[in-house]
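Colleague: Below are the sequence and a predicted model; questions follow.
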Amino acid sequence: MNSISILLPVCLFCLADGKAFLESGVSEAESAETDMSDMLAMLLEQPGTVDLSEAVRNQHAKDSHAHNQAALQAMFNSLPKNEKGNLGLPAARYALHRLFEHRHRWFVRGLHPKSKSGGEVAGKSHAVGKALQTLTALSDKKGLSLAALAALAGTLDELIQSEVSSHLRGFYEARGYAVEEAISGEKLKQLGEAYMTIYIAGADFRNNSKEDVMEDSKFMSEHTKGWTDTQMWVGSEISEAEKAKDGCTDDEGDCKFDFSESTRVVKKVVERYGHFNDGECHKLKTQLLNIQPSGPNQEKRTGRVTLADFYKAGLSGAWEFNEKADYLRALGALDESTADDPKVIVPNYVSSWVNCLSSSKFYSVCCRNECEDYMKVIEKQIGGPMADPDKIISTVESQSVFTLDPPPGLGKLRHRLVSIAERHHGKVPIHGRLFAQWMHHAFPTTCPYPHEAGKTNPQTPDEWMTETGRDIKASEDEVQKVVHQAKERPVEQGRRERTSGTVTSVNVAKEEEGEFPSELPWTDVEELLVVRPTQAPEKAGSSLLDMVVTLLEALMVVGLVCAVIWTASQQRQQRGLHHKGHQF
């Protein structure tokens, strides 16, 4: 990609549906770049890292725990729970992933779904999931309450944010500034701009000299679109963040900032960058949906573009659409349900690894899953894990968020919902794969298609190239072959000429009868976050004892995170691994 904020393709394809998290929870020992113990230990070992207990106290002093609970409340209410009314590990990971994605467009490693069909990548083990398993191991049946989940979210957020402080300390040292002294607003702005240049370029924060930053900036200017606009945005955001300090509303350049205040300013810009990146993601999506190879609005209606036209757009446009079919297939971005006419699924492609930025050791900045906006409304309106089909239809018809992208043929789509509900005693599990598939049929340009577990293997470009020994980019011969085959393909092609096993015979029959829309593939395979039946949750808050237990639960989560950190730090010290920063 030639886009400024999606230059470095290093993050994972993700669907905001529960099925992907069920799949990723199949083997918590499978690969990820950073495991939770490494994350926490590295933070402890780096100079200037805040103490965890102090970080937690700060979090509560800022009322972030209450803020996290409020942010998680509707999602927590709607997620399937155990007999205690709490979340199991897959649902907890799912909730935390969505929280960080919504706030900052961060895909925290170890929280996002990752389906692996083979062995580990680079021999590294998984991730934040291990830490979550440790937390939920308190009681296999108890799970995580809302308070415990919010406490864990606050702790993880503070730990991730402390990375900024560590890197900024390196910039101070490289410029000869003492962290004990205050610097001017002008110097802070220069530091912040240098920091964000390395952050956006995905470069090595250890290479933070003025010469290194100038080289990174030159590279970005020559290889990305809109680098000047991005620099202007960074400068503006820094100025706004500086003005938040008391007495700096007029000329922030003359103000003085101590190290903690400088860290606050840079953190603010880092947090906002994902939202700025939304603009580039929208341009990418618009570019793909504007490709109309065979009739007006065809691809806009289905959320797909033929692979041949995808490649042709890459040859002639500003975007480098050139990924191999094998890699697109692994990402889950290729629809091969129609024989000899593969198509790129636009929402799957946009939210895949190829359009993400490895800005941190702990997370990547990615194009957000826009279907999240729809899911938040549905979860709030339903208020539980199961919904009546007509309640879902009325929500889609009445809520304003759906009016900009109204689904055609809600009557036919209702039949789909009823069919799903028949499998679940008259109710639709709103975090199941079939409902995610229904959302894709209703909003094909917004909601990703949820592949069945084991059918995809989303990896970063580096991971895929390491595992396969091949480049992710299609060669010129491969591109020309696909384009030539498309030209030779008969104009009239069977609309339901499907590859074996993709569409069930009952669905084909129903499509022919006009009961279901036939433009998109459908498979009757259900996958749920919680597959065992649950009992009614115990009534919360019925006694003082309940409240005390809830408070202790949250404190125990923080305590266990401390234990994980201490253990990992000791292990890291024994291995003699002493390093500063990180390398991409």
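Modeller: Received the coordinates, thanks. All values derive from a computational prediction rather than experimental measurement. Numbers count the residues shown, from 1 in each chain.

Colleague: for the stretch 451-584 of the chain, which spans come out with low pLDDT?
Modeller: 490-518, 530-584 (pLDDT under 70).

Colleague: The stretch 151-300 of the chain now?
Modeller: Residues of the stretch 151-300 of the chain that meet the cut-off, pLDDT under 70, sit at 252-253, 292-300.

Colleague: Can you show me the helices along it?
Modeller: 185-201, 210-223, 227-243, 259-289, 298-302 (DSSP state H, counting those that start in this stretch).

Colleague: Between those helices, which one is closest to Asp388.
Modeller: For Asp388, the closest of the helices of the stretch 151-300 of the chain is helix 298-302, at 28.0 Å, according to Cβ to Cβ. Where C-beta positions appear, they are placed from N, C-alpha and C, glycine not excepted.

Colleague: So which other helices or strands are in contact with the helix or strand that comes right after that closest one?
Modeller: Per DSSP states H and E, the first helix or strand lying C-terminal to helix 298-302 is strand 304-306. Judged by 3 or more Cβ pairs under 8 Å, 6 or more residues apart in numbering; DSSP states H and E, the packing partners of strand 304-306 are strand 343-345.

Colleague: who does the strand it packs on pair up with?
Modeller: Partners of strand 343-345 in the sheet, by DSSP bridges, are strand 304-306 (antiparallel), strand 334-335 (antiparallel).

Colleague: Most tightly packed of these?
Modeller: strand 304-306 (a mean of 27; mean count of other Cβ atoms under 10 Å).

Colleague: Show residues contacting it.
Modeller: With contact meaning Cβ atoms under 8 Å, 6 or more residues apart in numbering, strand 304-306 is reached by 288-289, 291, 293, 299, 313, 335, 341-346, 444, 486.

Colleague: From the rest of the structure, what touches the helix or strand just after that strand?
Modeller: Using DSSP H and E, the helix or strand that follows strand 304-306 towards the C-terminus is helix 307-316. Among residues not part of helix 307-316, those counted as contacts by Cβ under 8 Å, 6+ apart are 287-288, 291, 293, 305, 319-322, 325, 328, 334, 342-344, 474, 479, 482-483, 485-487.

Colleague: could I get helix 307-316 in CSV with only the CA atoms?
Modeller: The C-alpha trace of helix 307-316 is given here as CSV (Å, rounded to 0.1, in the frame of the first residue of the first chain):
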residue,chain,number,x,y,z
LEU,A,307,-9.3,-10.4,-8.2
ALA,A,308,-8.5,-9.4,-11.8
ASP,A,309,-9.9,-5.9,-11.3
PHE,A,310,-8.2,-5.7,-7.9
TYR,A,311,-4.9,-6.3,-9.7
LYS,A,312,-5.7,-3.9,-12.5
ALA,A,313,-6.5,-1.1,-10.0
GLY,A,314,-3.2,-1.7,-8.4
LEU,A,315,-1.4,-1.3,-11.7
SER,A,316,-3.0,1.9,-12.6
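
Colleague: Tell me who's in contact with Glu323.
Modeller: Glu323 neighbours (Cβ under 8 Å, 6+ apart): 331, 354, 472-474.

Colleague: In helices, which of those residues appear?
Modeller: Those of these mapping onto helices are Leu331, per DSSP state H.

Colleague: Report the buried members of the contacts of Glu323.
Modeller: Buried members of these, scored by 16 or more other Cβ atoms under 10 Å, are 331, 354, 472-474.

Colleague: Pick the one among the residues you listed closest to Ser398.
Modeller: Leu331 (35.0 Å).

Colleague: Quick check: the closest one touching Ser351?
Modeller: No - with contact defined as Cβ atoms under 8 Å, Leu331 and Ser351 do not form a contacting pair (9.6 Å).

Colleague: Run a quick neighbour tally on the closest residue to Asn77 other than its chain neighbours.
Modeller: Counting by Cβ to Cβ, 6 or more residues apart in numbering, Asn77 lies nearest to Gly383, which is 5.5 Å off, once chain neighbours are set aside. The number of residues packed near Gly383 is 11, by other Cβ atoms under 10 Å.

Colleague: What of Lys142?
Modeller: 18.

Colleague: Next up, identify which helix or strand Tyr349 is on.
Modeller: helix 346-350.

Colleague: which helices and strands sit right next to that helix?
Modeller: helix 259-289, helix 325-331.

Colleague: could you redo the last one with a cut-off of 6 Å?
Modeller: If contacts are counted by 3 or more Cβ pairs under 6 Å, 6 or more residues apart in numbering; DSSP states H and E, helix 346-350 sits against helix 259-289.

Colleague: Chain neighbours aside, what residue packs nearest to Lys84?
Modeller: Lys142 (5.4 Å).

Colleague: Would you mind measuring from that neighbour to Ile198?
Modeller: Distance of Lys142 to Ile198, given as Cβ to Cβ, to the nearest Å: 43 Å.

Colleague: before we move on, what about Thr395?
Modeller: In terms of Cβ to Cβ, Thr395 sits 44 Å off from Ile198.

Colleague: These two: which is more packed in?
Modeller: Taking other Cβ under 10 Å, Thr395 and Ile198 do not tie; Ile198 has more neighbours (23 against 18).

Colleague: For the more buried one, which residues are in contact?
Modeller: 205, 216 (Cβ atoms under 6 Å, 6 or more residues apart in numbering).

Colleague: Now do the contacts for Asn322.
Modeller: Shown in contact with Asn322 (Cβ under 6 Å, 6+ apart): 314, 473-474.

Colleague: between these, which is closest to Ser209?
Modeller: Looking across the contacts of Asn322 and measuring by Cβ to Cβ, the closest to Ser209 is Lys473, at 32.2 Å.

Colleague: Setting aside sequence neighbours, what's the nearest residue to the closest one?
Modeller: Lys473 sits nearest to Asn322 (Cβ to Cβ, 6+ apart), 5.0 Å away.

Colleague: Tell me the spacing between the one you found and Gly314.
Modeller: Per Cβ to Cβ, Asn322 is found 5 Å from Gly314.

Colleague: do Thr446 as well
Modeller: Distance from Thr446 to Gly314, by Cβ to Cβ: 23 Å.

Colleague: In terms of neighbours, single out the busier of these two.
Modeller: Shown here are Thr446 and Gly314; by other Cβ under 10 Å, Thr446 has more neighbours (22 against 19).

Colleague: Helix or strand: which one has the more buried one?
Modeller: Thr446 belongs to no helix or strand, assigned by DSSP H and E.

Colleague: Pull stretch 66-79 out as CSV, backbone CA atoms only.
Modeller: What follows is stretch 66-79, C-alpha atoms only, in CSV (Å, rounded to 0.1, in the frame of the first residue of the first chain):
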residue,chain,number,x,y,z
ALA,A,66,-15.3,3.5,36.5
HIS,A,67,-14.7,4.7,32.9
ASN,A,68,-13.7,1.2,31.8
GLN,A,69,-16.7,-0.4,33.5
ALA,A,70,-19.0,2.1,31.8
ALA,A,71,-17.3,1.4,28.4
LEU,A,72,-17.6,-2.4,28.9
GLN,A,73,-21.1,-2.5,30.5
ALA,A,74,-23.3,-3.0,27.4
MET,A,75,-20.9,-5.5,25.8
PHE,A,76,-20.5,-7.4,29.1
ASN,A,77,-24.3,-7.6,29.5
SER,A,78,-24.7,-9.0,25.9
LEU,A,79,-21.9,-11.6,26.1
